[in-house]
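just coords:
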């Protein structure tokens, strides 16, 4: 993006100044996920969550279809979620022991804020479902970036729950699926950086076919 110089101040076409851009780059370069079980209060307020979701939908969306939805599981609904997971667990693990059921209770009560990201493609549309699903993924990433900008940490996970038909029906309409459970809060322990891939191993210049 080329900077525009006006009144001695470098400003980009999107309205950001050079300092703004540096801050945004710093956020992008340092963002990392936290384990949902390690996320504690405070979490985003109602007003902050609304802003996070408004930022999230500023994602590539070929056809302007909005092929995604958000289902927020409130604090007073966590027990109902735990009971749903208890009912659904046997379809995934018929031999589940008490410890496995206890883990579902822990899952249901993780983090101050829980968002179920739902992929809701418009089927039989000229825009391929695959592109609509990619858009849903971009929305999920935007949630994590926006939460980081507000000073929180996010964790996006799937696991068996995202693929359970009982759980899917509790959150989705026909033709929809769970893209993941996104948890937002404050880490109770410092986040540890993890190894990142070497871009030289992943990127190459195209060589046109002969």
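On my side now, so go ahead. Model, not experiment: these values are computed from the prediction.

can you point me to the longest helix in the chain?
Scanning the chain for the helix with the most residues, using DSSP state H, yields helix 129-149.

hang on, residue 101 is in a helix, isn't it?
Yes - under DSSP: H, G, I helix; E, B strand; the rest coil, residue 101 falls within a helix.

now it, nearest residue through space, not along the chain?
Spatial nearest neighbour of residue 101, chain neighbours left out: residue 86 (5.8 Å); criterion: Cβ to Cβ, 6 or more residues apart in numbering. The C-beta positions use only the backbone N, C-alpha and C, and glycine is treated the same way.

tell me which element that neighbour falls in.
helix 78-92 (DSSP states H and E).

just how off-centre is that helix within its chain?
In terms of Cα atoms, centre = their mean, to the nearest Å, the gap separating the centre of helix 78-92 from the centre of its chain is 22 Å.

Buried residues in that helix, which are they?
Across helix 78-92, burial judged by 16 or more other Cβ atoms under 10 Å covers 78, 81, 82, 84, 85, 88, 89, 92.

In terms of distance to residue 165, which of these ranks first?
Using Cβ to Cβ, residue 88 comes nearest to residue 165 of the buried residues of helix 78-92, at 8.1 Å.

Go ahead and confirm the closest one touches residue 162.
No - between residue 88 and residue 162 there is no contact under Cβ atoms under 8 Å: 11.2 Å.

Residue 28: how many residues sit nearby?
Using other Cβ atoms under 10 Å, residue 28 has 11 neighbouring residues.

Then residue 62?
Neighbour tally, residue 62, other Cβ under 10 Å: 14.

next one: the one 4 residues further on
Other residues near residue 66 come to 15 when the count uses other Cβ under 10 Å.
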